[in-house]
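Trainee: Fold the following.
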Amino acid sequence: MPRETLPLTCLLLTGLLSCALAAPAQSLAGDAPRPGSAADLVRKVKGTKSAAKRAAIVKEIEGLGKKAEGALLGSWKRVDERTAVDLLLLVERLRTESAREDLIKATRHRNLVVRRTAAAGLGGYPHPATEKALFRLVRDREDDVALSAIDAIRTLESKTTFKPLLRALRRYDDDPQGRRFKRLLSVAQGLLASTHDPEIVRTICRLAAMEEGQHQAAILGILEVGETKVCPPILREVLKEFVEGEDYEGPGFEEPLRDATTAEGLRPVTPAFARVAIKGLGLARDQASSQTLIAALSHSSAEVRYSALQFLHLTLPKGPKAMTAEAPQAFPVVRRKAIKAVMTRLTDRSTGVRQRAYVWLKRETKQKKLPPTFAAWKGWYETYFGDQEEWEYE
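Mentor: From the prediction side, this is the model:
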């Protein structure tokens, strides 16, 4: 039948069919990224091997800002390690909710470098989902990934991370020298020092009261940071109880802790807890505790005596800038008592204590020529201070 005699309906159907068959080809042509667009630049990053050229392309993408979001999300999948890292760093800079979700997805990647990069990027995204992902990575089989996650938790500076931080510390406190434990401890200490939150201290003490030995000392170690507001009143009482023992008549550390049950769980105060108190008070430069640290110099525990020698000077008021022929009238009494107490350690036979006392005296009195003998320092002390009191020898 001649074409011109075909019914109008058939002609219309034929035209529609031709259009339908041509559509896929047109669609494919339309999907090609526009030159200079985010999608085009991402494609170039994936296909460029030259580091210099890649860096230039990455800079172009960065210049697009959030306009590049659609092209960047998920672009790190199914590419080589170097490309994935470059793209994830760009995703991190987006600072959008979708970018956070994309980084969390990347924390499950099989490649450890990709997981580590994603973990580091999440430090800029405060959110409960971020914290959950990072604490999952703390248990990652690779140390580098876990440490990157811990550093990101530090960056968040969120009070809500404290309880999971303590749980993580308990998981690794069998190895206090381990990298994860040390890093977690440092983050927990930093959070306490920056927030001055008394509830954090109470939580630490409650958990420590349920532990024994090394595990208890590991958790209490957070209090060594030198926090200046909420820790000193508690640590002063801890140290007084330890030094004075059964003769102690003060209020006890349950009063500033406001938790009698927890305080009882930490009694009797161990030498390890006393050392935590000494270091925490020293780093806090707590002058109110100096008399108790001086008393700790005579304690039966050599470890406690050594700790007191390490941190006592930080709690003392300043002495004179220059040593004159005799002590000035304004020489702080507590400093004078400290010098006298440290001198008695020159007769101490415990490992390291005597030498530490000698170093302490030379530094604090500026007397560098005297030998490390008690008699020599006693003679100098009586000449300098005019002190004729009786001395007790150990």
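Trainee: sec struct for E326, please.
Mentor: coil (DSSP: H, G, I helix; E, B strand; the rest coil).
Trainee: Below-threshold pLDDT in the chain: ranges please.
Mentor: Low-confidence segments of the chain (pLDDT under 70): 1-32, 387-394.
Trainee: Extract the C-alpha set from stretch 66-75 and format it as CSV.
Mentor: Extracted as CSV, the C-alpha positions of stretch 66-75 are listed here (Å, rounded to 0.1, in the frame of the first residue of the first chain):
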residue,chain,number,x,y,z
LYS,A,66,28.8,23.1,48.5
LYS,A,67,27.9,23.2,44.8
ALA,A,68,30.2,20.1,44.5
GLU,A,69,28.3,18.1,47.1
GLY,A,70,26.2,16.0,44.7
ALA,A,71,29.3,14.9,42.8
LEU,A,72,31.5,14.3,45.8
LEU,A,73,29.1,12.2,48.0
GLY,A,74,30.1,8.5,47.6
SER,A,75,32.7,9.4,45.0
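Trainee: now that stretch, how far from the chain's geometric center?
Mentor: 33 Å (CA atoms, centre = their mean, to the nearest Å).
Trainee: got it, and stretch 188-197?
Mentor: Chain-centre distance of stretch 188-197: 9 Å, with CA atoms, centre = their mean.
Trainee: Give me the residues contacting that stretch.
Mentor: With CB atoms under 8 Å, 6 or more residues apart in numbering as the test, stretch 188-197 has contacts from 154, 157, 159, 161-162, 165-166, 169, 200-201, 204, 222-231. For glycine as for every other residue, the C-beta is placed from the backbone atoms N, C-alpha and C.
Trainee: Now a ChimeraX select for only the buried ones of those.
Mentor: With 16 or more other CB atoms under 10 Å as the criterion, this ChimeraX line picks the buried residues out of the contacts of stretch 188-197:
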select :154,161,162,165,166,169,200,201,204,222,223,224,225,226,227,230,231
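Trainee: Show me the contacts of stretch 188-197 that map onto helices.
Mentor: When DSSP state H defines the helices, the subset of the contacts of stretch 188-197 inside them is 154, 162, 165-166, 169, 200-201, 204, 231.
Trainee: Turn these into JSON lines, columns for distance to G245.
Mentor: Converted to JSON lines, these look like this (distance: CB to CB, whole Å):
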{"residue": "R154", "distance to G245": "39"}
{"residue": "F162", "distance to G245": "33"}
{"residue": "L165", "distance to G245": "34"}
{"residue": "L166", "distance to G245": "30"}
{"residue": "L169", "distance to G245": "30"}
{"residue": "I200", "distance to G245": "29"}
{"residue": "V201", "distance to G245": "24"}
{"residue": "I204", "distance to G245": "24"}
{"residue": "C231", "distance to G245": "22"}
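Trainee: CA atoms only: put stretch 169-187 into CSV for me.
Mentor: Extracted in CSV, the C-alpha atoms of stretch 169-187 (Å, rounded to 0.1, in the frame of the first residue of the first chain):
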residue,chain,number,x,y,z
LEU,A,169,39.4,3.0,79.2
ARG,A,170,38.2,0.0,81.2
ARG,A,171,38.5,-2.1,78.1
TYR,A,172,42.2,-1.3,77.7
ASP,A,173,43.3,-0.8,81.3
ASP,A,174,45.0,-4.2,81.3
ASP,A,175,47.7,-2.4,79.2
PRO,A,176,48.3,1.1,80.7
GLN,A,177,51.4,1.4,78.4
GLY,A,178,49.3,0.7,75.3
ARG,A,179,48.9,3.4,72.7
ARG,A,180,45.1,3.3,72.8
PHE,A,181,44.9,3.5,76.6
LYS,A,182,47.3,6.4,76.8
ARG,A,183,45.5,8.3,74.1
LEU,A,184,42.1,7.7,75.7
LEU,A,185,43.4,8.8,79.1
SER,A,186,44.8,12.0,77.6
VAL,A,187,41.4,12.8,76.0
